[in-house]
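Visitor: no sequence on this one, just coordinates:
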């Protein structure tokens with residue numbers, strides 16, 4: 001694994017077909033990037049995510065979300081003795097946390113609540129993932145024809161992309177406006193730390209496109225959201241399921 005991901009990463013190029021397959025959803029972000037672009041993004045993101053501010057922000061976000069949202073929802077369904085979709089709950093929990101880490105705000109207020117409100121950006125992510133899975137199951141010429149004609153699954157991808165673009169660009173625009181209205185000292189406040197602002201500040205004096213182009217910044221951030229929003233939820237679901245089985249056996 002170290003050989004593939006670190007020592008000889010250049011030997012394992014994603015290739016043009018992979019890039020074309022994921023370009024609509026991931027753009028030029030780290031999960032779809034190669035070469036210098038991948039290395040540059042990885043260097044900046046790793047530096048930010050290894051910082052003490054990021055770690056403390058994660059701890060604060062998770063603690064607050066647990067106390068204010070996840071625990072009350074679980075307690076409610078335990079009290080009324082009703083079935084619920086645990087994976088949906090965990091996905092809402094991780095998606096809210098990731099949005100908070102990236103933008104400093106939840107996608108919508110109280111998205112993890114007992115009424116399970118509709119979250120357009122989260123649903124768009126899910127739809128885009130389904131279309132990407134579909135692309136793996138059919139010949140490239142077939143899904144590219146659907147995309148050209150804007151029909152079938154590819155029409156769903158277009159709609160999902162529109163929703164995600166609106167969400168991402170609105171968040172980025174608000175962050176840029178807030179940066180313009182704040183002093184340099186304010187940028188360092190730990191309670192205000194989020195990856196979008198940190199990237200803008202980190203790269204504002206650099207020649208790199210990161211932090212300057214809204215399109216590229218959106219690609220970088222949407223890759224971070226995609227990487228964190230589901231994997232943690234699925235792992236949590238598996239671990240929780242194993243714990244339930246252990247308790248049942250012990251009983």
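Guide: Ah, there it is. Being a predicted model, the structure only gives us computed values, none of them experimental.
Visitor: touching, residue 196 and residue 222? I think so.
Guide: No: if you go by Cβ atoms under 8 Å, residue 196 and residue 222 don't touch, sitting 10.9 Å apart. Using the backbone N, CA and C atoms, a C-beta is placed for each residue, glycine as well.
Visitor: pLDDT weak spots in the stretch 101-250 of the chain?
Guide: Within the stretch 101-250 of the chain, the stretches with pLDDT under 70 are 183-191, 203-212, 231-250.
Visitor: hey, where'd the helices end up in it?
Guide: 120-137, 140-149, 152-180, 195-203, 214-229, 231-250 (DSSP state H, counting those that start in this stretch).
Visitor: could you dump those to CSV with distance to residue 73 and mean neighbour count?
Guide: Below are the helices of the stretch 101-250 of the chain laid out as CSV (distance: least, Cβ to Cβ, whole Å; neighbours: other Cβ atoms under 10 Å):
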stretch, distance to residue 73, mean neighbour count
helix 120-137, 16, 17
helix 140-149, 38, 14
helix 152-180, 23, 16
helix 195-203, 26, 20
helix 214-229, 18, 21
helix 231-250, 14, 12
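Visitor: residue 76: which of those helices is closest?
Guide: helix 231-250 (17.3 Å; Cβ to Cβ).
Visitor: list of residues touching stretch 157-165?
Guide: With Cβ atoms under 8 Å, 6 or more residues apart in numbering as the test, stretch 157-165 has contacts from 24-25, 120-121, 123-125, 127-128, 131, 147, 150, 218, 222.
Visitor: go with 10 Å
Guide: The contact list for stretch 157-165 (Cβ atoms under 10 Å, 6 or more residues apart in numbering) reads 24-25, 27, 120-132, 134-135, 143, 146-147, 150, 215, 218, 222, 225-226.
Visitor: count the residues that sit near residue 60.
Guide: Residue neighbour count, defined by other Cβ atoms under 10 Å, stands at 14 for residue 60.
Visitor: measure it to residue 220 for me?
Guide: Residue 60 sits 23 Å away from residue 220 when distances are taken as Cβ to Cβ, to the nearest Å.
Visitor: that older thread, nearest to residue 82, out of the helices of the stretch 101-250 of the chain?
Guide: Residue 82 sits nearest to helix 231-250 of all the helices of the stretch 101-250 of the chain, at 17.0 Å, using Cβ to Cβ.
Visitor: thanks a lot, catch you later.
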